[in-house]
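In: Here you go, sequence then predicted model.
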Protein chains: 2
Amino acid sequence: MKIDYKKELETASKGMIMIHDPRLLIKLIVRMIVRKLHIKHAAMILYEPKKDIYVLNISRGEIGMKVPPGFTRFSHESPLIRIFSQREFRPLTLDRNAIVSDDINRLVWRESIIHNGNGKAVKELLYRVDEQMQMLNTAACVPAYYRHKLMAILLLGEKHDGTKFEQPELDFFAALASDAAMAIRNAQLFEGLKREAERNRQLFLQTIEVLGSTIEAKDAYTHGHTGRVTEYSVAIARQMAATPAVGGAGGSARFEESFFESIYIAALLHDIGKIAIPEVILNKQGKLTDEEYAVMKQHTVRGSEMVGPLRLPRECLEGIKYHHEHFDGKGYPEGLKGEDIPWAAAIIAVADAFDAMTSDRPYRKGLSKEAAMAEIKRCTGTQFNPAVVDALVELYEAGKI
Amino acid sequence: MKIDYKKELETASKGMIMIHDPRLLIKLIVRMIVRKLHIKHAAMILYEPKKDIYVLNISRGEIGMKVPPGFTRFSHESPLIRIFSQREFRPLTLDRNAIVSDDINRLVWRESIIHNGNGKAVKELLYRVDEQMQMLNTAACVPAYYRHKLMAILLLGEKHDGTKFEQPELDFFAALASDAAMAIRNAQLFEGLKREAERNRQLFLQTIEVLGSTIEAKDAYTHGHTGRVTEYSVAIARQMAATPAVGGAGGSARFEESFFESIYIAALLHDIGKIAIPEVILNKQGKLTDEEYAVMKQHTVRGSEMVGPLRLPRECLEGIKYHHEHFDGKGYPEGLKGEDIPWAAAIIAVADAFDAMTSDRPYRKGLSKEAAMAEIKRCTGTQFNPAVVDALVELYEAGKI
């Protein structure tokens, strides 16, 4: 069967650039070679810039390639790497764009003719390359360069029809390997950048967590409170989203995916403003005076002000500022009512109350979950948004809280 | 002069993938077309996914292209965009892979023959495309698709030799435009990811700033202290790095670039552990008792523990934990001595002392900078690392502090 190499190359190269997962890309390339081009198997040795090493990436085909143990990594000193990367050996591979196992004896013979003593190192290297190729069950090795740097070596098994590799085929593989190496390098860079973005995102979220936990260093009675409120808040929000028609007086809630991260952040930071409240008020045992209570109430607004510089999503700020509003309008700081209270705040309010009731304090034991649920239900429609309470009830009854 | 289009295409496509700056890439492509392929000028209209609009990106050439005002953006309704992107008009451009201005009359004539009434809209569109092409001084427009979506239109001025575009040329430009569109899309994605990584990094650093400033909500006497200490610390570190041989008893310091971000973070967080110190001790006017002082000292270790979950670079943690160590070993928490005190900590110690001395407190006015410098010099070699003090002196004498 005749293969139109030019067309295959164009088809193969198109779109490679848009695949940004290096492993998937290598898999596709090797699979394409094996299937379309009637090679028994193929594999790719790829340069990994981070580790400054060459790695055997994947091997596919009917017969497969038995990779000897310890043969997946190649240093710069490995014969196969040296023959393609070291300038002095380039003449050996230039004429065919490859090393073909059938050629090795001819190359050795040619070296014997050309050189006298100097050729010994070259002959030695050729024998060792031959050895490596046999171990890897490889009939031809095709290098790929980018800016004169060896980026990859394509390892090709024998052809199904048993014929030898012709020069046009090797030229095709060289062009393909070159395109592939660049696409793979591109994908590696992409992956690296993606990882960096993700790492920075995690750093941000972890710093938010640390920020949220600072209040626990201050407020002796709230050990673990922030973490639990966060857990409950996210669970309630997910539950509300999972229930198709969140009904009751609270109306229905439709949350964007970003809402779940916002409520996570808001819940972690909901009490951050307490940092600014004097300890004598914060840690007072027994009832606060009206004056003290007025100061204590400031933590909601102070909290949203403290995180102002972060320019967090609106929902985060609302969650922090309004988590003490009551459904009947009798809460603080603004006396918002019903659905005017943002969802993040309404959810944190319930999660906060539930954890406060069920936690032990030095001067009292926490309520049982059952008793706390009863108390929260009692306050539905006055203190709490019924839709949020419904979600908490569902979570409780499903044993998820 | 004969141009080997196949070779030009291969040369052009190679390496496009590795250029990740979309503007640079477009510039290179357009310049290559103009110079090598003997076109008077060229430009590219590119799809911008974020804005869902097509934008004229660059125009190069000897004559240049006079872009009429308001002609840099093209909506989906623009004639040039419609003729290439709407399925019903595809037959118009399929046979030549392009719209060539010389063809327009022929296309209009063909439409008159084929259709009766229905062709009116097509003819109208063709006239409007012709109008746009004339305004853009364009002889041929070549579209580029990726997955059937119009990604770009290559706008070509006339050829230098005055001849018309031949089909092989247009096919070449179509292949080039397609490769270019994919490379540009790749670069755009890259840029987007880079921006995201940078945005997340900024979010992280801003959160660190907020975290660092929480202590100021608590400690009434330290308004702005954290920010100033951070500013001084980074300036001292930069000064030390700029001085080739930082001498004196402190030896010499060689900082990696990452050190400057580490000291920035460490300085912002150096007093974070004070959050955990009772206010009665933190805000006490007058001398602390030995017992109170022992509690106060814990802020260094507590601070490094609080930020533990962030897995910050070692230098950050060292800066927080050891910023009260003294050069003579009489500091806390561990009584480290001389060069055993990490640089970040030694630098923050000086910056911290300088700001504490020069700031007003409710019960005393701050020292003048001159007096503070004298005091710091006096404590060189006992409290402070001489190399750090040298850098502060240089900054002070240069009027930078």
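Out: Structure received.

In: residues from the stretch 51-200 of chain A in reach of chain B?
Out: Residues of the stretch 51-200 of chain A lying close to chain B (C-beta under 8 Å from any C-beta of the partner chain) are A:146, A:178, A:182-183, A:185-186, A:189-190, A:193-194, A:196-197, A:200. Placement of C-beta: from N, CA and C, glycine included.

In: swap the cut-off to 7 Å and go again
Out: A:Met182, A:Ala183, A:Arg185, A:Asn186, A:Phe190, A:Leu193, A:Lys194, A:Glu196, A:Ala197, A:Asn200 (C-beta under 7 Å from any C-beta of the partner chain).

In: Name the nearest of those relative to B:Leu156.
Out: Using C-beta to C-beta, A:Met182 comes nearest to B:Leu156 of these, at 27.0 Å.

In: show me the contacts for the closest one.
Out: Residues in contact with A:Met182, defined by C-beta atoms under 7 Å, 6 or more residues apart in numbering or on different chains, are A:Tyr146, B:Ile17, B:Met18.

In: try 8 Å this time
Out: Residues in contact with A:Met182 (C-beta atoms under 8 Å, 6 or more residues apart in numbering or on different chains) are A:Tyr146, A:Met151, B:Lys14, B:Gly15, B:Ile17, B:Met18.

In: And it, which helix or strand is it part of?
Out: If you go by DSSP states H and E, A:Met182 is part of helix A:167-218.

In: Can I get the contacts of A:Met182 in a markdown table including pLDDT?
Out: Listed next are the contacts of A:Met182 as a markdown table, based on pLDDT from 0 to 100:
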| residue | pLDDT |
| --- | --- |
| A:Tyr146 | 80 |
| A:Met151 | 88 |
| B:Lys14 | 69 |
| B:Gly15 | 71 |
| B:Ile17 | 76 |
| B:Met18 | 77 |
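
In: Which ones among these map onto helices?
Out: Among the contacts of A:Met182, no member is found in helices (DSSP state H).

In: between these, which has the most around it?
Out: Comparing those by number of neighbours (other C-beta atoms under 10 Å in any protein chain shown), B:Ile17 comes first, having 24 neighbours.

In: For A:Ala187, give me its contacts.
Out: A:Ala187 neighbours (C-beta under 8 Å, 6+ apart): A:Ile19, A:His20, A:Asp21, A:Pro22, A:Leu25.

In: now do 10 Å
Out: Going by C-beta atoms under 10 Å, 6 or more residues apart in numbering or on different chains, A:Ala187 touches A:16-26, B:17, B:186.

In: Kindly reformat the residues you listed as TSV and extend each row with distance to B:Glu315.
Out: Below are those laid out as TSV (distance: C-beta to C-beta, whole Å):
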residue	distance to B:Glu315
A:Met16	41
A:Ile17	39
A:Met18	40
A:Ile19	39
A:His20	34
A:Asp21	34
A:Pro22	32
A:Arg23	35
A:Leu24	38
A:Leu25	38
A:Ile26	38
B:Ile17	37
B:Asn186	36
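
In: From those residues, list just the buried residues.
Out: Buried residues within the contacts of A:Ala187, counting neighbours by 16 or more other C-beta atoms under 10 Å in any protein chain shown: A:Met16, A:Ile17, A:Met18, A:Ile19, A:His20, A:Pro22, A:Leu25, A:Ile26, B:Ile17, B:Asn186.

In: Next, count neighbours for A:Ala242.
Out: As a burial measure, A:Ala242 scores 10 neighbours (other C-beta under 10 Å).

In: measure it to chain B for me?
Out: 29 Å (C-beta to the nearest C-beta, to the nearest Å).

In: Let me see the mean pLDDT of stretch A:223-230.
Out: Here stretch A:223-230 scores 90 as its mean pLDDT.

In: And that stretch, how far out from the chain middle?
Out: Distance of stretch A:223-230 from the chain centroid (C-alpha atoms, centre = their mean, to the nearest Å) equals 26 Å.

In: for stretch A:41-57, same thing?
Out: In terms of C-alpha atoms, centre = their mean, the centre of stretch A:41-57 is found 22 Å from the chain centre.

In: CSV please, covering the contacts of A:Met182 and showing distance to A:Ala351.
Out: Listed next are the contacts of A:Met182 as CSV, based on distance: C-beta to C-beta, whole Å:
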residue, distance to A:Ala351
A:Tyr146, 54
A:Met151, 53
B:Lys14, 57
B:Gly15, 55
B:Ile17, 49
B:Met18, 50
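
In: Of these, which belong to strands?
Out: A:Tyr146, A:Met151 (DSSP state E).

In: Name the residue of the stretch 1-150 of chain A that lies nearest to chain B.
Out: Across the stretch 1-150 of chain A, no residue is closer to chain B than A:Ile17, which sits at 5.0 Å (C-beta to the nearest C-beta).

In: Please list all residues in contact with that residue.
Out: A:25, A:179, A:182-183, A:186-187, B:13, B:16-18, B:146, B:179, B:182-183, B:185-187.

In: cool, A:Ile263 as well?
Out: Each residue near A:Ile263 by C-beta under 10 Å, 6+ apart is listed here: A:230, A:233-234, A:236-238, A:255, A:270, A:313, A:315-316, A:318-319, A:343-345, A:347-348, A:351.

In: do the same with A:Ala294
Out: Taking C-beta under 10 Å, 6+ apart, we find A:Ala294 in contact with A:Ile281, A:Leu288, A:Tyr332.

In: List phi and psi for it.
Out: phi -60, psi -40 (degrees, to the nearest 10).

In: gap between it and chain B?
Out: 18 Å.

In: now A:Asp352
Out: A:Asp352 is 20 Å from chain B, by C-beta to the nearest C-beta.

In: What's the first helix or strand after the helix or strand harbouring that residue?
Out: Per DSSP H and E, A:Asp352 falls inside helix A:343-358. Later in the chain than helix A:343-358, the nearest helix or strand by DSSP H and E is helix A:369-378.

In: Buried ones in that next one, by neighbour count?
Out: For helix A:369-378, using 16+ other C-beta under 10 Å, the buried residues are A:Ala372, A:Met373, A:Ile376.

In: For the nearest residue to A:Ala344 once chain neighbours are set aside, give me its contacts.
Out: Ranked by C-beta to C-beta, 6 or more residues apart in numbering or on different chains and with sequence neighbours excluded, the top spatial neighbour of A:Ala344 is A:Gly319, at 3.4 Å. Residues in contact with A:Gly319 (C-beta under 10 Å, 6+ apart) are A:233, A:262-270, A:303-304, A:312-313, A:342-349.

In: cool, and A:Arg90?
Out: A:Ile83, A:Phe84, A:Pro143.

In: Inside helices: which ones of the residues you listed?
Out: The members of these that map onto helices under DSSP H are A:Ile83, A:Phe84.

In: coming back round to it: from the chain's centre, how far out does the helix holding A:Met182 sit?
Out: 8 Å.

In: can you give me the mean pLDDT across that helix?
Out: Helix A:167-218 comes out at a mean pLDDT of 89.

In: likewise stretch A:308-327?
Out: 95.

In: which of the contacts of A:Arg90 lies closest to B:Leu156?
Out: Nearest member of those to B:Leu156, counting by C-beta to C-beta, is A:Pro143, at 37.0 Å.

In: pLDDT score for the closest one?
Out: So A:Pro143 comes in at 93 (pLDDT).
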